[in-house]
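# structure here, sequence nowhere to be found:
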């Protein structure tokens, strides 16, 4: 199409669109969307670098769960390198297949680590897995814990996610929360999405942020981990209780403000009467 | 036909993208198929816009009263901005359009107690005609709602067998947007979506085609009322009920996981046994 003279190439033209569309696709439907994009653009398949990159970005943004034989990893912008992901705990780099959500290969690597922080990280992982098992849909759920720095100056990063994917019944949902904490402060971002698309397209989008003071004592890692995860659970429970309240009160308020189920008379409109009356008025 | 397949793929994608960004989504996809962009835009359901003429009369702007960048008002039958060589309904159809608008306005008043309605008619090549009955209602800040809107898009295709049978085929889409007032418990909360339903009915015209215009308005009006009422109740259960279900089976309220999964398990067993 347009080539030369500094004009945008065909690939560049559709790259922006592909990125935008795949980024905004609900988790669980990206492969289908990419198939349709290939049909639209023509002469291109899902293994094209533009498509693969868009899928990778999508997976990182949604904390996609990638499974291996006896391990799993969440992909995130945090542990993402050029063409692999870093597994800090196991000192490995992992290559993944973003379409199949499978681990392709793993290699040992030496990563900077701090023994005290390692202990806290492992304790946090244990607590998070317990939290997941208690309150999340285990079909597709996972968590990660990573840290930067050393015992004197550190930041921990946690991610929690669960997904519902039910394509035969036209719905998907995701709960994605990312947290970071230092010795004295815990901050979090939550993204809740639901998508229902039988005979239509209805989507819930709910985002919230959290911030709470904490006090981390590395010498009592187990206790600290319990407190941190307990705080996260408390905040997420409060959020979901708020959603519950909203769902109880909103339907009435919202639909009443929109359209009555019946006119105030309690009966349907009398078309015959109204048609004759109103058209007669017109003639005057 | 290649264009049909590409448009279908676009519509498939639009069904998955956030409906709050429908304009942006449609523009992005249209840029991939510039030759079929017009055709794609005509198939998209999005919130209806409102225009106003120089006298302050409001009218709904939609694909069904658009010609280029101008829209025809149901009040004045003029295009705004003005254009030469535009598409107008025939005189007979315009007469029907005026009557339909008067009657549909009463329907709007009874069910919506506010908002704006417009009916647009157009002639078809096969001798029949078609019409779009549209409603736009806004909800301003009230009791926890930041803002919201309802757009009804009822498109009815009318055909006759040449004798006395008239067939009405309706496709109705309701586009709903709702933003909750931002609060600390829940943050920013938005539900937006479209639901669509189709229905077809045939009727015998009154003897001698007496008052045929009024007959059409009554039949179309009754269909619109039926389908809109159905979609309103569907909206309630899907908009709220379904989106809540999806979230609450992804993350469970404290203590409820075991209880809910047990119930789901029992329901599954029941289904298997008694199908």
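Structure received. For clarity, every value in this text was computed on a predicted model and none was experimentally measured.
# touching chain B at all, stretch A:252-271?
Yes. Using Cβ under 8 Å from any Cβ of the partner chain, stretch A:252-271 reaches chain B at A:253-255, A:257-265, A:268-269, A:271. Every C-beta, even on glycine, is put in place using the N, C-alpha and C of the backbone.
# what's the mean pLDDT across that stretch?
For stretch A:252-271, the mean per-residue pLDDT is 91.
# and for it, what are the contacting residues?
Residues outside stretch A:252-271 that contact it (Cβ atoms under 8 Å, 6 or more residues apart in numbering or on different chains): B:103, B:106-107, B:110-113, B:137, B:139, B:142-145, B:148, B:150, B:176, B:178, B:217-218, B:221-222, B:225, B:228-229, B:232-233, B:235-236.
# now stretch A:78-88
Residues from elsewhere that reach stretch A:78-88 (Cβ under 8 Å, 6+ apart): A:60, A:66, A:71, A:73, A:75, A:92-96, A:106, A:109, A:111, A:113, A:121, A:144, A:146-147, A:157, A:159.
# hang on, the earlier thing: narrow the residues of stretch A:252-271 next to chain B to just the buried residues.
A:253-255, A:257-259, A:263, A:269, A:271 (16 or more other Cβ atoms under 10 Å in any protein chain shown).
# run a quick neighbour tally on residue B:3.
Per other Cβ atoms under 10 Å in any protein chain shown, the neighbour tally for residue B:3 reads 12.
# next up, the contacts around it.
Residue B:3 sits in contact with B:33, B:35-36, B:39, where contact means Cβ under 8 Å, 6+ apart.
# how about 6 Å then?
Contacts for residue B:3 (Cβ atoms under 6 Å, 6 or more residues apart in numbering or on different chains) come out as residue B:36.
# ok, back up a step: select only the buried ones of the contacts of stretch A:252-271 in PyMOL?
For the buried members of the contacts of stretch A:252-271, the matching PyMOL selection, counting by 16+ other Cβ under 10 Å, is:
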select buried, chain B and resi 103+106+107+110+111+112+137+139+145+148+150+176+178+217+218+221+222+225+228+229+232+235+236
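# out of the contacts of stretch A:252-271, list just those in helices.
B:103, B:106-107, B:110-112, B:217-218, B:221-222, B:225, B:228-229, B:232-233, B:235 (DSSP state H).
# ok, and of those residues, which contact chain A?
Among the ones in helices among the contacts of stretch A:252-271, the residues within reach of chain A (Cβ under 6 Å from any Cβ of the partner chain) are B:103, B:106-107, B:110-112, B:217-218, B:221-222, B:232.
# now the strands for the stretch 101-250 of chain B?
Read by DSSP state E, counting those that start in this stretch, the stretch 101-250 of chain B holds these strands, from start to end of the chain: B:116-123, B:129-139, B:145-160, B:165-183, B:187-204.
# in the third one, what counts as buried?
Meaning strand B:145-160. Here strand B:145-160 shows B:145-146, B:148-159 as buried, counting by 16+ other Cβ under 10 Å.
# looking at the strands of the stretch 101-250 of chain B, spot the one closest to chain A.
Nearest of the strands of the stretch 101-250 of chain B to chain A, taken as Cβ to the nearest Cβ: strand B:187-204 at 2.9 Å.
# which residues sit against the closest one?
Looking at strand B:187-204 with Cβ under 6 Å, 6+ apart, the contacting residues turn out to be A:199-208, B:19-20, B:45, B:164-180, B:182, B:219, B:227, B:231, B:234-235, B:239.
# same check on stretch B:257-275?
Stretch B:257-275 has contacts (Cβ under 6 Å, 6+ apart) with residue A:135.
# repeat that for 8 Å
Applying Cβ under 8 Å, 6+ apart, the external contacts of stretch B:257-275 come out as A:134-136, B:248-249, B:252.
# run the chain-centre distance for stretch A:239-252.
21 Å (Cα atoms, centre = their mean, to the nearest Å).
# okay, the ones next to chain A among the ones in helices among the contacts of stretch A:252-271 in a markdown table with pLDDT and distance to residue B:194 next?
Output for these, formatted as a markdown table (pLDDT from 0 to 100; distance: Cβ to Cβ, whole Å):
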| residue | pLDDT | distance to residue B:194 |
| --- | --- | --- |
| B:103 | 97 | 26 |
| B:106 | 97 | 26 |
| B:107 | 98 | 21 |
| B:110 | 97 | 24 |
| B:111 | 97 | 19 |
| B:112 | 96 | 18 |
| B:217 | 97 | 26 |
| B:218 | 96 | 28 |
| B:221 | 98 | 23 |
| B:222 | 97 | 23 |
| B:232 | 92 | 13 |
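# just the helices in the stretch 1-150 of chain A please.
Here the stretch 1-150 of chain A has its helices, by DSSP state H, counting those that start in this stretch, at A:10-23, A:30-41, A:49-61, A:115-135.
# least reliable of these by average pLDDT, please.
helix A:10-23 (a mean of 91).
# and the angle from it to helix A:49-61?
On the basis of axes from the mean of the first three to the mean of the last three Cα atoms, to 10 degrees, helix A:10-23 is oriented at 20 degrees to helix A:49-61.
# contacts for helix A:10-23 next, please.
Residues outside helix A:10-23 that contact it (Cβ under 8 Å, 6+ apart) are A:1-3, A:30, A:33-34, A:37, A:41, A:50-51, A:53-55, A:57-58, A:61, B:13, B:17, B:24-25, B:28-29, B:31-32.
# buried stuff in it?
Buried-residue list, helix A:10-23, by 16+ other Cβ under 10 Å: A:13-15, A:17-22.
# what do you get for stretch A:154-162?
Quick answer for stretch A:154-162 (16+ other Cβ under 10 Å): A:154, A:156-162.
# then stretch A:241-253?
A:242-243, A:246-247, A:250-251, A:253.
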